[in-house]
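K.L.:
let me see the structure of the following:
(one chain, ligands or ions: 1)
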Amino acid sequence: MIKIYNTLTGKLDPFVPVEEGKVSMYVCGPTVYNYIHVGNARPAIFFDTVRRWFEYSGYKVTYVQNFTDVDDKMIKRANEEHISLKEVADKYIAAYFEDTARINLKEEGMIRPKATENIKEMIEIVEELVQNGHAYVVDGDVYFRVKSYDEYGALSKKNTEDLLNGVRIDVNEQKEDPLDFALWKKAKEGEPSWESPWGKGRPGWHIECSAMSGRYLGKTFDIHGGGEDLIFPHHENEIAQSRCSVGGEFARYWMHNRYINIDGEKMSKSLGNFKLLRDILKHYDGNVLRLFILSSHYRKIVDFSDKELDQTKVALERIENALVTALEKAGSATAPEGDSLEELRGDLVSCKEKFKETMDEDFNTAQGLGVVFELIRSLNRASSVEKINAEGKEALEEAVNYIKTILEDVLGVTLKLKKEVSGDLTASLVELLIEVRNDARAKKDWAASDKIRDELDKLGVKLKDGKDKTVWTILK
Ligand SMILES: [Zn+2]
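P.N.:
The predicted model follows:
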């Protein structure tokens, strides 16, 4: 059974879905006023892996992640770039997909609503809150009355008195209580706005997620996720709004990933150590980044540095090399008196069990990868056996297939196996070009011959002319 560390209960809870065999999850998405940074990539990669593990375990998953396309930062960016709010959103949503395509997020079946396309739903919730006394209107602004909801603070484990002590008394005299938060904001001069029962205005940030999760997942759904910085006030406010309006339990399991340190310091605007995902991907493959993020438990801080990424790159190559070697071994002549690789068979069975246990226990990808490397070591031992028989061949192939499935389908890390490359179209095309080049060389057409070699070189295909044969390799 899958267990989830639930921020709401503060413990590991067995996962019991609202609807048997199905999982509904909502993860807060980015505000699309800028390119995403590695801090946005962490929840994207982790919750994508959560989805993948549920699917691998036989569940049907409905996954919603929103785009916040209206808020102060969006409006500021539109004014700076002298473009409309929609143009800012379009630009950075396109950039989001461009960047995340390289970290293998599963887009199939994914619901990605935009806040501005759900204004009607937000107004409906706010209207209901005003009607039932959980919210009040002051001159075109609408606020949530925090004291009207007894359970406020249940998620963040804060009580309203502590919060009041910590709060800077707002200069906004309009609020009944400093803890009250905006559900609807009256339009300011030159700002984008929508018609509402309280006049022109725009929604507050928190109400967006209440509206979009409710619309796509209903009033009670399974999992709500996001970075830990969203616990308070964002998620606390979402709970208050949703439970006081549509009713229902709202989300049953609350999952939060920890943040990312850059070279030992917390990534923050004030330190100026923000790393954009696209900048990282200039130097590192998306698969390396993905493997790196998943090498830490999601409830632990990730220490990001080039050194760590370099090590992950080596680790990924170790996996790839082990699989290629095993496949080569499996393809070599099998001898009836050869080894049937019983040890590998046994290790495969126990690693499968261990991997499932560790993933079922709150999606522990870090330990899960440890299990994968255990199996890699066993695979390497098996590949170095001198002779194998047909059963040994089968054992090697089974282990390779299992590792490949875990890496690619569950962890979302695409492997580059040279073995596969040499058997496909790429290999045939390279061989063809070598032939054409040999013809050119025979005719002493050095220009054509050099051109083929240089252009292939740019594509990462290195040619080496031997005595009677040209050999080639693809640099990864
Ligand atoms: Zn949200």
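K.L.:
quick one: contacts for the residue of the stretch 151-300 of the chain found nearest the ion?
P.N.:
At 3.1 Å from the ion, C209 is the closest residue in the stretch 151-300 of the chain, using Cβ to the ion. In this view, the C-beta of every residue, glycine as well, is placed from N, C-alpha and C. Residues near C209 by Cβ atoms under 8 Å, 6 or more residues apart in numbering: 26, 28, 66, 234, 238.
K.L.:
make TSV out of these and add pLDDT, neighbour count and secondary structure.
P.N.:
Output for the contacts of C209, formatted as TSV (pLDDT from 0 to 100; neighbours: other Cβ atoms under 10 Å; DSSP: H, G, I helix; E, B strand; the rest coil):
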residue	pLDDT	neighbour count	secondary structure
Y26	98	27	strand
C28	97	24	coil
N66	97	24	coil
H234	97	19	helix
E238	97	27	helix
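K.L.:
with these in mind, which one is nearest to E343?
P.N.:
Here the nearest of the contacts of C209 to E343, counting by Cβ to Cβ, is Y26; it sits at 45.1 Å.
K.L.:
residues touching that closest one, list them.
P.N.:
Applying Cβ under 8 Å, 6+ apart to Y26 gives the contacts 64-66, 209, 212-213, 216-217, 221, 223-225, 251.
K.L.:
let's see which of those residues end up in helices.
P.N.:
209, 212-213, 216-217 (DSSP state H).
K.L.:
in CSV, list those residues along with pLDDT and distance to V16.
P.N.:
CSV is the format used below for the ones in helices among the contacts of Y26 (pLDDT from 0 to 100; distance: Cβ to Cβ, whole Å):
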residue, pLDDT, distance to V16
C209, 97, 23
M212, 97, 24
S213, 97, 19
Y216, 97, 21
L217, 97, 16
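K.L.:
work out for me the element G368 sits within.
P.N.:
Element membership of G368 [criterion: DSSP states H and E] is helix 365-383.
K.L.:
buried sites along the helix or strand following that helix?
P.N.:
Sequence order places helix 390-405 as the next helix or strand after helix 365-383, per DSSP H and E. By 16 or more other Cβ atoms under 10 Å, the buried positions in helix 390-405 come out as 392-396, 399-400, 402-403.
K.L.:
please enumerate the helices of the stretch 1-150 of the chain.
P.N.:
Under the criterion DSSP state H, counting those that start in this stretch, the stretch 1-150 of the chain contains helices at 38-56, 72-81, 85-100, 119-131.
K.L.:
are any of the ones in helices among the contacts of Y26 buried, and which?
P.N.:
By 16+ other Cβ under 10 Å, the ones in helices among the contacts of Y26 give 209, 212-213, 216-217 as buried.
K.L.:
find the closest residue to the ion in the stretch 1-150 of the chain.
P.N.:
Nearest residue of the stretch 1-150 of the chain to the ion, counting by Cβ to the ion: C28, 3.2 Å away.
K.L.:
what bridges to the nearest residue to that residue once chain neighbours are set aside?
P.N.:
Nearest non-adjacent residue to C28, counting by Cβ to Cβ, 6 or more residues apart in numbering: G226, 4.1 Å away. G226 forms beta bridges with H256, as assigned by DSSP bridges.
K.L.:
list the contacts of G226.
P.N.:
Contact analysis of G226 by Cβ under 8 Å, 6+ apart lists 27-28, 43, 234-235, 256-257.
K.L.:
do a quick rundown of the helices in the stretch 251-400 of the chain.
P.N.:
277-283, 286-294, 306-331, 342-360, 365-383, 390-405.
K.L.:
highest mean neighbour count out of those?
P.N.:
Stretch with highest mean neighbour count among the helices of the stretch 251-400 of the chain: helix 286-294 (a mean of 24; mean count of other Cβ atoms under 10 Å).
K.L.:
so what does that one touch, helix or strand wise?
P.N.:
Applying 3 or more Cβ pairs under 8 Å, 6 or more residues apart in numbering; DSSP states H and E, one finds that helix 286-294 contacts helix 38-56, helix 277-283, strand 302-304, helix 306-331, helix 365-383.
K.L.:
and the gap between the closest residue to P336 other than its chain neighbours and R77?
P.N.:
Leaving aside its chain neighbours, P336 sits nearest to N389 (5.7 Å; criterion: Cβ to Cβ, 6+ apart). Here N389 is placed at a distance of 65 Å from R77 (Cβ to Cβ, to the nearest Å).
K.L.:
what do you get for N40?
P.N.:
N40 is 16 Å from R77, by Cβ to Cβ.
K.L.:
go on, V471?
P.N.:
From V471 to R77 the distance is 53 Å (Cβ to Cβ).
K.L.:
more crowded one of the two?
P.N.:
More crowded of V471 and R77, by other Cβ atoms under 10 Å: R77, with 20 against 10.
K.L.:
next up, the contacts around the more buried one.
P.N.:
33-34, 88.
K.L.:
change it to 7 Å
P.N.:
Shown in contact with R77 (Cβ atoms under 7 Å, 6 or more residues apart in numbering): 33, 88.
K.L.:
what is the least confident helix or strand in the chain?
P.N.:
Lowest mean confidence among the helices and strands of the chain (mean pLDDT, DSSP states H and E): helix 418-422, at a mean of 52.
K.L.:
quick one: the strands in the stretch 101-250 of the chain?
P.N.:
135-138, 141-144, 181-186, 201-203, 220-227, 250-257 (DSSP state E, counting those that start in this stretch).
K.L.:
export the last one as CSV, just CAs?
P.N.:
What follows is strand 250-257, C-alpha atoms only, in CSV (Å, rounded to 0.1, in the frame of the first residue of the first chain):
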residue,chain,number,x,y,z
PHE,A,250,-11.1,19.7,-0.3
ALA,A,251,-7.7,17.9,-0.6
ARG,A,252,-7.1,14.8,1.6
TYR,A,253,-3.4,14.5,1.3
TRP,A,254,-1.1,17.6,1.3
MET,A,255,2.4,17.0,-0.1
HIS,A,256,5.2,19.6,-0.1
ASN,A,257,8.6,19.4,-1.5
